[in-house]
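*Asks:* build me a model from this:
(one chain, ligands or ions: 2)
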Amino acid sequence: MVTTHNLGFPRIGARRELKHALESFWQGSLTEEQLQMEGEALRHKNWVTQAGVDLVPIGDFSFYDQVLDMSVTLGHLPARAHREEGSDLDRYFRVARGRSANDHEDCAIHAGEMTKWFNTNYHYIVPEFQADTEFSLNPQRLLDQIHEARNQGLVPKPVIIGPVTYLWLGKSKDDTDKLNLLHRLLPIYAELLDRLAAEGVEWVQIDEPVLVTDLDADWRHAFNVAYHSLKTTNAKLLVTTYFGDLRENLQLACELPVEGLHLDAISAPEEVARVVDWLSPHKILSLGIIDGRNIWRTDLGNTLDWLEPVHERLGDRLWLAPSCSLLHVPVDVSSEHKLEADIKSWLAFAVQKLDELKILARALNQGRASVHAPLTDNASVIQARRDSDRVHTPAVREAITNLKNHSGSRGTSFSERIQAQRGHIPLPDYPTTTIGSFPQTPDIRQARQQFRKGELTEAAYIDRIREEIADCVQRQEELGLDVLVHGEAERNDMVEYFGEQLDGYAFSQFGWVQSYGSRCVKPPILFGDISRPTAMTVNWICFAQSLTDKPLKGMLTGPVTMLNWSFVRNDQPRKDTALQLALAIREEVLDLEKAGVKIIQMDEAALREGLPLRLADRAGYLDWAVHAFRIAANDVRDETQIHTHMCYSEFNDIIEAIARMDADVITIETSRSDMELLDAFRGFEYPNDIGPGVYDIHSPNLPDKQDMIGLMKKAADRIPSDRLWVNPDCGLKTRKWEEVIPALRTMVQAARELRQSVQ
Ligand code: GLN
Ligand code: ZN
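*Replies:* Ligands and ions are numbered 1, 2, ... in the order given. Down below sits the predicted model:
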């Protein structure tokens, strides 16, 4: 019999129950006991949903983050968490969220650093290491959950993060080599595994996703050390990898002295045969055959075609699971009532994915005939999606074919263009601008809600937004900014706003995915060929421009960001989808230019996030990502100025690709890490104009004028001052007007002083 198991279930709840409970608790309207009860109820519900899967995950539920949970299990919270009294949960949230000095006059406690979980949009709390780091076992959370699951009649399979990945994810605070801590960590893992075995646990899922990354010899060696030392434990270990292929780590992974290996067969289909060959005959092979990162129904017939021969070879040694934890998909598509029926029928969220898993296992165990009806239904849905004329638009295909060999080049060099632009758009030295958005006040959000509910007519809504735009333009004039923006009041979200206006996109009501802690995102669903029925921003931008003599910058989201922040179709390469998006946005660019807009910004906030995990794959991604941007942005006249914006500073490794985008001006986040900016320019001279963000918009504090001047002077050491712009790090939509006005006033003064130093 084939065994089925799940690697992790979305913890947030089908209606974001966890988010609401957490936020009530943080506000003080829920007690700790009530929060714990809410957690228990959610786990209970999640396990009910997973019943029928042979082994259910336990320990995948978390009040904030699974890496922070692992830190607790290993007795390894930063010392600052223990500085004061409080419950374990208080300490936990102290690390997760920090504590501001405003709330507690004595001392602020800074939150643990947060960073992206591999190539997903989930963020984890980074463990902090130093030379004297010690660990101690704290298994209670796992033990409690084992009992909870057993009370529901289920077979629990604890999920933990493996020792090598745990070290790899952390940050050394004092330059200690993290691997030096391995020998202190391993006895705690051994103790934990024995403890779980003593509870009667047979299998433990031990996640080691770093096996899909580039590992040097020391890290590879660490795997051997770790798993040889854990060999004597009484629990059976399933070393679990996901998000990529194993490549040069394949033999290492196959030969670890453990009882089983999980391979992500969605990311690494071509490695299945090799792993089947390598794995010794006493080991289990778990194959991730259902995509845990995307929302499409699995082609069950096709999967069985290649899976049946594998099953024949492995027999009972074959296990089936989703490719990775289902944390990265929404909970249940059956609660969607607004999606069109055909599109809805193509989708599978976590609940549906587990159904698919059960059908596949049954087909292997009892023959396809035993699941004839669901297989037939699946085949017809897959066929319908493949044939749908909502997915395939011949005109889009044709336009793409015509474009494939187009380089997207501007045709003239930056030095020629900038002359034309200076004639067309007169600006002082150190021109000042902002990144696009101004405060999204509760008032604006309320108007949008009312419009959506039909309580406000479209005409009234447009008037309301126009009022907001007029106010925003006037305030920018008063501040003395040089290049103005319309403020983005009409946008709920920089991707959703455009997706809603493009053909080929659909939107769920409850398709939430955890991003970090209580924060969730609802990625739009890109299901078909992309086209733009009508102009998306021209009216708003032209209205704003009509109110001022200053140049007004049109504001668009770039194709790569649209792609990286959506659930995208899996029936064609991502790069083809990016090109379709590029084509649609290019039409908008050309319409804006035709309407007299002289400056157009195309945000690529998520370009870096799409970088593949493996170094060897990065150049390929950057090539098509840059190409998509160029196709979208660069078909304009010389005198039209193209800006782009990226909100991160670590772009040392991609700066050459960014230069190839050839935007006339790039604004980036720099204020929080000024050294990084300098590093990037040490090795490579960025050729076009650049606006290094001079203040951090995430902080409510008023930026200091001298700090801003200092930062610009550092930049001017690297880049001729006639190529520098002055702007904040990112958009201002999360700030209040009371914060924005004095901050920008100071920024404008800083620019004026800088100008004097040039003359
Ligand atoms: N133009 C967008 C804004 O100002 C950019 C947001 C972003 O970079 N994430 O909000
Ligand atoms: Zn930004």
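
*Asks:* ok, for the closest residue to ligand 1 within the stretch 201-350 of the chain, nearest residue in space, not its chain neighbours?
*Replies:* Minimum separation of the stretch 201-350 of the chain from ligand 1 (CB to the nearest ligand atom) falls at His328, amounting to 20.7 Å. Just so you know, the C-beta spots here come from the backbone N, C-alpha and C atoms, and that holds for glycine as well. Closest residue to His328 apart from its sequence neighbours, by CB to CB, 6 or more residues apart in numbering: Arg293 at 5.1 Å.

*Asks:* wait, Glu113 sits on Pro127?
*Replies:* No - in this structure Glu113 lies outside contact range of Pro127 using CB atoms under 8 Å: 9.6 Å.

*Asks:* neighbour-wise, which of these two wins?
*Replies:* Pro127 (26 against 13; other CB atoms under 10 Å).

*Asks:* the residue nearest to the more buried one when sequence neighbours are not counted: neighbour count?
*Replies:* Excluding its sequence neighbours, the residue lying closest to Pro127 (CB to CB, 6+ apart) is Gly170, at 3.5 Å. Using other CB under 10 Å, Gly170 has 20 other residues around it.

*Asks:* could you check how far Gly170 is from ligand 2?
*Replies:* Distance of Gly170 to ligand 2, computed by CB to the ion, to the nearest Å: 27 Å.

*Asks:* tell me the centre residue of this structure?
*Replies:* By CA atoms, centre = their mean, the mean C-alpha position of the chain lies nearest to Asn121, the distance being 1.9 Å.

*Asks:* how about it, secondary structure?
*Replies:* At Asn121 the chain is in coil, as set by DSSP: H, G, I helix; E, B strand; the rest coil.

*Asks:* and the residue of the stretch 301-450 of the chain that's closest to ligand 2?
*Replies:* Using CB to the ion, the point where the stretch 301-450 of the chain gets nearest to ligand 2 is Ile435, with a distance of 5.7 Å.

*Asks:* hang on, that residue in a helix?
*Replies:* No - Ile435 is assigned coil when assessed by three-state DSSP, not a helix.

*Asks:* for it, give me its contacts.
*Replies:* Counting by CB atoms under 8 Å, 6 or more residues apart in numbering, Ile435 touches Val485, Asp603, His645, Thr667, Gly693, Asn727, Pro728, Asp729, Cys730, Gly731, Leu732.

*Asks:* out of these, which is most surrounded?
*Replies:* Neighbour counts for those, by other CB under 10 Å, peak at Thr667, which reaches 28 neighbours.

*Asks:* rewinding a little: surely the residue nearest to His328 meets Leu326?
*Replies:* No - checked against CB under 8 Å, the pair Arg293 and Leu326 is beyond contact range at 9.4 Å.

*Asks:* the two: which is more packed in?
*Replies:* Between Arg293 and Leu326, Leu326 has the larger neighbour count (other CB under 10 Å), namely 28 against 21.

*Asks:* residues contacting the more buried one?
*Replies:* If you count contacts by CB under 8 Å, 6+ apart, Leu326 has them with Asn6, Leu7, Gly8, Phe9, Pro10, Gly292, Ala350, Lys353, Leu354.

*Asks:* go on, Gly517?
*Replies:* If you count contacts by CB under 8 Å, 6+ apart, Gly517 has them with Leu22, Tyr64, Asp65, Ala96, Arg97.

*Asks:* weed out the non-buried ones from those.
*Replies:* Leu22, Tyr64, Asp65, Ala96, Arg97 (16 or more other CB atoms under 10 Å).

*Asks:* for the closest residue to the first one other than its chain neighbours, give its distance to ligand 2.
*Replies:* Think Leu22. Take Leu22 and drop its neighbours on the chain: the residue closest to it by CB to CB, 6+ apart is Ser518, 4.4 Å away. Using CB to the ion, Ser518 is found at 22 Å from ligand 2.

*Asks:* tell me who's in contact with the residue in the stretch 51-200 of the chain that ligand 1 sits nearest to.
*Replies:* Closest approach between the stretch 51-200 of the chain and ligand 1, counting by CB to the nearest ligand atom: Asn121, at 13.0 Å. By CB under 8 Å, 6+ apart, the residues touching Asn121 are His328, Val513, Ser515, Val521, Pro523, Trp565, Glu609.

*Asks:* report pLDDT for it.
*Replies:* Per-residue pLDDT puts Asn121 at 92.

*Asks:* also His147?
*Replies:* Predicted confidence (pLDDT) for His147: 97.

*Asks:* how about the secondary structure of it?
*Replies:* helix.

*Asks:* and stretch 696-714, which residues are buried?
*Replies:* By neighbour count on 16+ other CB under 10 Å, the buried set for stretch 696-714 is Asp696, Ile697, Pro703, Lys705, Met708, Ile709, Leu711, Met712, Lys714.

*Asks:* do the same with stretch 142-156
*Replies:* Quick answer for stretch 142-156 (16+ other CB under 10 Å): Leu142, Leu143, Gln145, Ile146, Glu148, Ala149, Leu154, Val155, Pro156.

*Asks:* again with stretch 378-396
*Replies:* So stretch 378-396, judged by 16+ other CB under 10 Å, has buried residues Asn378, Val381, Ile382, Arg385, Val391, Thr393, Val396.

*Asks:* likewise stretch 312-320?
*Replies:* For stretch 312-320, burial by neighbour count (16+ other CB under 10 Å) applies to Leu314, Arg317, Leu318, Trp319, Leu320.

*Asks:* quick one: strands adjacent to the one helix or strand the last one maps to?
*Replies:* This points to Leu320. If you go by DSSP states H and E, Leu320 is part of strand 318-322. Strand 318-322 pairs in its sheet with strand 3-4 (parallel), strand 284-290 (parallel), by DSSP bridges.
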